[in-house]
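>>> Fold the following and give me the result.
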Amino acid sequence: HVMWDPSSFPTRFLLGASLAAVVSSTPSSHPPPAWVDGGAHPHLDPGSGSATDPQQLQHLHCWEPHTATATADPLASTSTLMSTQDLPAHPRLRLNDSRLAALNATIQTDPTAGAFFDGLVVVGTAMLSAPLVDCGKGADMLGAARSVLIREYALGLLWRLTGDARFAARAVSELLHVTSDCPTWDPFGLVLAEMTHAVGIGFDWLYHYLSPSQRAAIVAGVGRLGFSEALVQYADKAFWTNCTFNWGIVTNGGLTVGGLAFLDEPQLAANVSAVLAKAAVGVQCPFGSFAPHGGWHEGPMYWQYVAEYAQALTSSLRGVYGNDGGLSDVPGFNETALFRIHMNGPSQQPFDFGDSKPTGRVLDDSPGAHILGYAAVPSVSEPARALYAYVARRFVRIIARNATTGRYDCSKIDCPRMLLDYSAAGSHADLVAQPTAKLFKMSAFGWDDRNAVGFFRSAWSTEASGVDGKEAWLGFKAANGVPNHNDLDGGTFVFEVGGQRWANDLGADDYQLPDYFTQTLDHRYSFYRKSTAGHNTLTFNNNNVNWSACTSACDQDNEMTGITEITLFEHSNGGKGSADGTATVPKSSSPAYAIVDLTAAYAKQGATSVQRGFAFTADYEQLIIVDEFEFNASAPIHNVTWAMHTLADIKTLGASAVLSLGGMHLHTKVTVPDTAKTATEATPNFSSAEVRLEKPQMPSDGVRKLMLHMPLASGSKAIAAAIVVGLSINPDAEIPRTNRLAKWSTSGPFSAETL
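Got it, this is the predicted structure:
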């Protein structure tokens, strides 16, 4: 067996192809669908260097919509194609027979693993009578591919664990159907990759059940519908072949996993080798987006999609070659599970920015299996693997375990993958040892290692609290409307305390909305959920003071020029000191505070400075939000609107408001510092309205908007003003004297001085 060492990754399967065959300056004949980003974009010419010559491979050029050149440093290769005689026998993807025996023993002795298995039997038994997927003309092919993938993992694993031929027969019927009856797997690249992945797993795991004629039919079908079509798209330089977002990992990763199952089929070997060669180069672009510390620019839902395929890819490579070619060693990969862990509040709901599933009152989705997969990566440190394993089990217990019977509802969680990567390691102590604050830089789409997303919490909630943790938790972000799944949401925040989420992000809208992925102010950002007015931040000259979106003139800048960053991030780590090397001792009584510089996001409106500060008072009793803004004299700025979206009932009382939710009350107060009052024409009072989105936008049932609408003094002078808002479940909490934001880095947020 020839080891696939890290330096060999890009070209282990190259058959003399050059990197220029993967990405070139020629426009693609497979452009992004209109619902991705609105049109085709040219690829960048990487030069004429051969991919088999590491001395000429200086940089791998990657594609991002709406940005200039992105580059990655490719892993050099000096190796040649592995002989198919060196491949491990089937089954070899993700779970070979040795690991299967160990898993079976674990199921017999570990109650949690046994409960996952019992739940999987229930789901798998229901699949036996489910109809074959519809892949005819007009069918939802992505939905069909996802269904086949779920079925092949579940039914294939059940057959291997139990020997029950019913599961194998049903899985085989699906394989034969999609490889013989479907006219195409390619409305777009995701379907191609997901179906190839699904068929590869099914073929590999069921290999010894399949008859020679069944194998032949599947091989012929996957060759025609999968690998041949993939080569056409690679030759046409389809946008996904070297993009830096989720498509790049799903497509290149899915084709690789499927290809590893068929590499030793003589009639497919040449095409599969060529696909693997191209995928090995292209996948490096999205893997570079994990840098520098594991944050993911597309939000929690796409973090999970990426995790699913990154883990399938690296796990399959390790199973076949003994290592993953260095992919798991790229910056941020081994830390990315921390991003998802810190992203969840005490309610176990995430900061659902961008096109994520909006949070609500019912928790019905779990990142558990996606976090657990990182616990199976050998290069992850032992303490981190224990943490990931524990948190994964905790998530799925909360979401899917019946407290009375102990059974798991595997329709809500990914039980096959919970078993594939099962680990009993870790405990709540591993979670408590995590810092109570975390700042994530991002790299892709112009973030360029800026501080992008931050999280503060008073403590980690106990296991017994489930989704009802009372701790204070805050998530907030800087501005970047460039990534294809992001919004114009700089400065927005989500906030929980007392067991309730008080400030909500509205998440994704319907992907079928016209021009939803055309990222211009009069297309995507005209939809409320994607606009600045649809977030918990500031709008200027928003004259629709009830709740609706203002004109594009009051939206943040959606271009590269509008990207901002978190410029200050201070915390005491819950009084425990620096657990992760980043904790600092705040310079005042605040245990955690930060500043987001939003100036660039509003500069086109005439802003010379827009800063938002977040600070907790002692013991996290009150969250203080300070907004300071300045506009030049020529900017026609007449008013500012402060907004927060919530599922709570709202009662406004002038300069205060009371929000009520789940039997709890959040008391909200506002003040305008004395030094800013000359810029206002009136002291702001709270108002509220129900957000009622009309079709074709998705409903916004139960969403209300708390607002402060403050007129600004007219005239020829520059405007400099500030707003201070306090949020607390303590009705007696008063807004403390607050320093100007410029002094927070030296004196902290609170003192005897006024703003």
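
>>> What are the neighbouring residues in contact with residue 111?
Residue 111 makes contact with residue 406, according to CB atoms under 8 Å, 6 or more residues apart in numbering. The way it works is simple: take the backbone N, C-alpha and C, and place the C-beta from them, glycine included.

>>> Contact partners for the closest residue to residue 137 other than its chain neighbours?
Sequence neighbours aside, residue 183 is the residue nearest to residue 137 in space, at 7.3 Å (criterion: CB to CB, 6 or more residues apart in numbering). Residues in contact with residue 183 (CB under 8 Å, 6+ apart) are 135-137.

>>> would you list those residues in CSV and tack on pLDDT?
Converted to CSV, these look like this (pLDDT from 0 to 100):
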residue, pLDDT
135, 95
136, 92
137, 88
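
>>> quick one on the thing from earlier: so the residue nearest to residue 137 versus residue 191, what's the distance?
12 Å (CB to CB, to the nearest Å).

>>> got it, and residue 628?
Taking CB to CB, one finds residue 628 at 49 Å from residue 191.

>>> Buried residues, stretch 518-537. List them.
518-519, 521, 523-537 (16 or more other CB atoms under 10 Å).

>>> same check, this time on stretch 383-398
Counting neighbours by 16+ other CB under 10 Å, the buried set in stretch 383-398 is 384-398.

>>> rewinding a little: tell me the secondary structure of the residue nearest to residue 137, please.
At residue 183 the chain is in coil, as set by DSSP: H, G, I helix; E, B strand; the rest coil.

>>> quick one: it from residue 199, how far?
16 Å.

>>> swap in residue 449?
Distance from residue 449 to residue 199, by CB to CB: 39 Å.

>>> More neighbours: which of the two?
Ranked by neighbour count (other CB atoms under 10 Å), residue 449 and residue 199 place residue 199 first, with 28 against 12.

>>> give the contact list for that one.
So residue 199 contacts 148, 152, 175, 178-179, 218, 221-222, 226, 258, 261 (CB under 8 Å, 6+ apart).

>>> want to throw those into a markdown table with distance to residue 294?
As requested, the contacts of residue 199 are exported to a markdown table (distance: CB to CB, whole Å):
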| residue | distance to residue 294 |
| --- | --- |
| 148 | 30 |
| 152 | 29 |
| 175 | 35 |
| 178 | 35 |
| 179 | 37 |
| 218 | 37 |
| 221 | 38 |
| 222 | 34 |
| 226 | 31 |
| 258 | 27 |
| 261 | 29 |
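
>>> quick one: which of those residues sit in helices?
148, 152, 175, 178-179, 218, 221-222, 258, 261 (DSSP state H).

>>> In these, which residue is surrounded by the most others?
residue 258 (32 neighbours).

>>> and it, what does it touch?
Counted by CB under 8 Å, 6+ apart, residue 258 has contacts 193, 196-201, 222, 226.

>>> Show me these that map onto helices.
Among the contacts of residue 258, the ones falling in helices (DSSP H) are 193, 196-201, 222.

>>> Present those residues as TSV; the columns should include distance to residue 486 and pLDDT.
Listed next are these as TSV, based on distance: CB to CB, whole Å; pLDDT from 0 to 100:
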residue	distance to residue 486	pLDDT
193	23	97
196	29	98
197	27	98
198	29	98
199	33	98
200	32	98
201	32	98
222	35	98
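
>>> for those residues, which one is nearest residue 646?
residue 193 (39.1 Å; CB to CB).

>>> Which residue, other than its chain neighbours, is closest to the closest one?
Per CB to CB, 6+ apart, closest to residue 193 is residue 254, 3.1 Å.
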